[in-house]
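Peer 1: Take a look and give me a structure for this.
(chains A and B)
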Amino acid sequence: MKTKDMTSMERVLTTLSHKEPDRVPLFLLATMHGAKELGMSIKDYFAKGENVAEGQLRINSKYHTDCLYPFFYAPLETEAFGGDVIFTDDGPPNSGIPLIKDIEKINCLQAPKVKDTKVLHKVLKSIQLLKEKAKGETPIIGVVMSPFSLPVLQLGFEKYLDIIHFRKDMFNHLMQVNQEFCIDWANAQLEAGATAICYFDPVSSSTIIPRELYLETGLQIAKQTIAQIKGPTATHFASGNCLPISDLVSQTGTAVVGVSSNEDIGVIKNAFKDKLTVLGNLNGVEMRRWTREETHRIVRDIIQKAAPSGGFILSDNHGEIPFQVPDEVLLTISETVQTFGVYPITKKQQ
Amino acid sequence: MDKFKFIINDLERALLTMNHEKAESIVINATSISSPIEIASELISQVLQKIGEAWEEGKLALSQVYMSGVICEEIIEKILPPSDPNRKNQPKMAIAVFEDYHLLGKRIIYSTLRASGFELTDLGGGLTSENLVGIIKKEKIKILLLSVLMLPSALRIKELKSKLSDSDVKIIVGGAPFRFDNNLWKEVGADGYGKDSSEALEIVNKLMEGSV
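Peer 2: Predicted structure coming up:
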């Protein structure tokens, strides 16, 4: 977990203060590759916190990544509300038919309590185990779905957009329930030993809703929620664009922003310069078929554009690297960061 | 097309501000100068294409594309009901979400095509290769539009294609994995790929002309 003089924790904290650490921090957010390391099916891997903790430790050691990321899968939170999860052998567990079929039932929806919800305890277990091993030298990143984005899994996108636009009372109740759960869940992960919380909020991205609607909805929810999370947060738009709302995201109280490969990393870095640390933006889907040369070129290019002056962490653009990405590509990404991510960043010869 | 040039921007504005009433009155007024099928296939189709392109360029959000499609679909339903003999004469077409229950992308394409005068069957979500092969053969579907969210599902379209090797169905794909990897649709053996609703409409129009 140590390169040169800095631990991963020191490296990340330095970049978060918009200064240059010894090298660019790397967050390789491989959630499913741990199953491969342990020779398990994805379903078995995610059944126990012990598996995910061990998987993350092996990934950390193999790829010299600067964080531990015990994120299980996106529909975990709807599972906590009573929803279905569909497991496959080659991809992230997916949500089944939306939990809320009749929107009129939203007004009866109640937030599950973390302490009483068994499915969440395996995540807390993995965080506790990682905390013992990390000894404060490597940040542990917990994950929550934003109260504003969770309804896509709870009731489906179409119904949710209709509610946002036409059923304010229902929308407000849903946000109140989801906020209560989100804050409880985030703080439970922090208490278990997470260093920071990744606040996934793809619906707020400019790919999904216009700036005006974000101003009225996602922004307000983010400000209220993040203020009650008792630790630092990173807002992730999970491949969605955020340039049109960059000035607003900076007001939410978050410290980091996870950005899309569809936006120019140099432009993004300038937009957030000295305000938020930028996390991104390797294209996880394309990564599956990158050659060694392509990997070198793409990683170097991003480093050149975004790493100078700190405030940057290299990562993928979605917060979850596809299971199909070969280990060789991940190793090449890591190797390129170790070689060309050392500060001061030297200019690439054209 | 010229006859719509004075109202196209007004209709676009009404849709983007979600002014259903205004959009409907623009379309109803247009029936005095044009037939319902022309309104669907030229005016509505052009406006929705413009809105889809603006999303692609990052100028609009997906929620605006969705709401515009739904409003147009409702208006066209009134002036050109599904049973209307003036609807486009076309090969059998269907749309589905493959191995998934994230239905928004499918809904947007469905609305855009219906509002543009096409008829298509909505097969819903969560369909597997086996389900689709059975439906395609039984219903003699000639064009299948497939929406996908996850990369593994996108990769499994290859398997679906091979199971349909004895069929003349054309498979047009769309969804997040294809948007992030421009070569993926060819890799899985799809017959076409629509990045957004405007491209989907363009491809379907080309298929009708027999050029895809």
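
Peer 1: Please, which helix or strand holds the most centrally placed residue in chain B?
Peer 2: Most central residue of chain B, judged by C-alpha distance to the mean C-alpha position with C-alpha atoms, centre = their mean, is B:Ile109 at 3.0 Å. Take DSSP states H and E as the rule and B:Ile109 turns out to sit in helix B:104-115.

Peer 1: and that helix, what other elements does it pack with?
Peer 2: Based on contacts counted as 3 or more C-beta pairs under 8 Å, 6 or more residues apart in numbering or on different chains; DSSP states H and E, the elements that helix B:104-115 packs against are helix A:157-166, helix B:45-56, helix B:62-79, strand B:93-97, strand B:143-147, helix B:197-209. (Glycine included, C-beta is placed from N, CA and C.)

Peer 1: mind checking how far the very next helix or strand once past it is from the chain centre?
Peer 2: On the C-terminal side of helix B:104-115, the nearest following helix or strand under DSSP H and E is strand B:121-122. Remark: strand B:121-122 is offset 11 Å from the chain centroid, using C-alpha atoms, centre = their mean, to the nearest Å.

Peer 1: Please apply the same query to stretch A:91-102.
Peer 2: Taking mean C-alpha positions (C-alpha atoms, centre = their mean), stretch A:91-102 and its chain are 20 Å apart.

Peer 1: That one and chain B, are they touching?
Peer 2: Yes - using C-beta under 8 Å from any C-beta of the partner chain, stretch A:91-102 comes into contact with chain B via A:Gly91, A:Pro92, A:Asn94, A:Ser95, A:Gly96, A:Ile97, A:Pro98.

Peer 1: count of residues packed around the third one?
Peer 2: The reference is to A:Asn94. Burial of A:Asn94 is recorded as 23 neighbouring residues (other C-beta atoms under 10 Å in any protein chain shown).

Peer 1: Can you tell me how far it is from A:Gly83?
Peer 2: According to C-beta to C-beta, to the nearest Å, A:Asn94 and A:Gly83 sit 11 Å apart.

Peer 1: Name the residues contacting each of those two.
Peer 2: Listed as contacting both A:Asn94 and A:Gly83 by C-beta atoms under 8 Å, 6 or more residues apart in numbering or on different chains are A:Pro75.

Peer 1: what's the closest non-adjacent residue to B:Asn19?
Peer 2: Taking C-beta to C-beta, 6 or more residues apart in numbering or on different chains as the measure, B:Asn19 lies nearest to B:Arg13, with 8.0 Å between them; neighbours along the chain are not counted.

Peer 1: Run a quick neighbour tally on the one you found.
Peer 2: Close neighbours of B:Arg13, defined as other C-beta under 10 Å, add up to 14.

Peer 1: Is it within a helix or a strand, and which one?
Peer 2: In the assignment (DSSP H and E), B:Arg13 maps to helix B:8-16.

Peer 1: need the residues of the stretch 51-200 of chain A near chain B, please.
Peer 2: By C-beta under 8 Å from any C-beta, the part of the stretch 51-200 of chain A that sits against chain B consists of A:88, A:90-92, A:94-98, A:152, A:156-158, A:161, A:164-165.

Peer 1: what do you get if the cut-off is 10 Å, keeping everything else the same?
Peer 2: Within the stretch 51-200 of chain A, the residues that sit near chain B (C-beta under 10 Å from any C-beta of the partner chain) are A:84, A:86, A:88-92, A:94-98, A:152-153, A:156-162, A:164-166.

Peer 1: buried subset of those residues?
Peer 2: Taking 16 or more other C-beta atoms under 10 Å in any protein chain shown as the criterion, what is buried in these is A:86, A:88, A:90-92, A:94-96, A:98, A:152-153, A:156-162, A:164.

Peer 1: quick one: B:Ser32 and A:Thr225, what's the gap?
Peer 2: For B:Ser32, the distance to A:Thr225 equals 52 Å [C-beta to C-beta].

Peer 1: So which of the two has more stuff around it?
Peer 2: When neighbours are counted by other C-beta under 10 Å, B:Ser32 and A:Thr225 differ, and A:Thr225 comes out ahead with 25 against 6.

Peer 1: Pull out the buried positions in whichever strand or helix holds that one.
Peer 2: Secondary-structure assignment from DSSP H and E places A:Thr225 in helix A:218-228. The neighbour-count check on helix A:218-228 (16+ other C-beta under 10 Å) flags A:Gly218, A:Leu219, A:Ile221, A:Ala222, A:Thr225, A:Ile226 as buried.

Peer 1: between these, which is nearest B:Asp196?
Peer 2: Sorting these by how near they are to B:Asp196, with C-beta to C-beta, puts A:Gly218 at the top with 22.3 Å.

Peer 1: Once you drop chain neighbours, what's closest to that closest one?
Peer 2: With C-beta to C-beta, 6+ apart as the measure, A:Ser204 is the residue that lies nearest to A:Gly218, at 3.4 Å, once sequence neighbours are left out.
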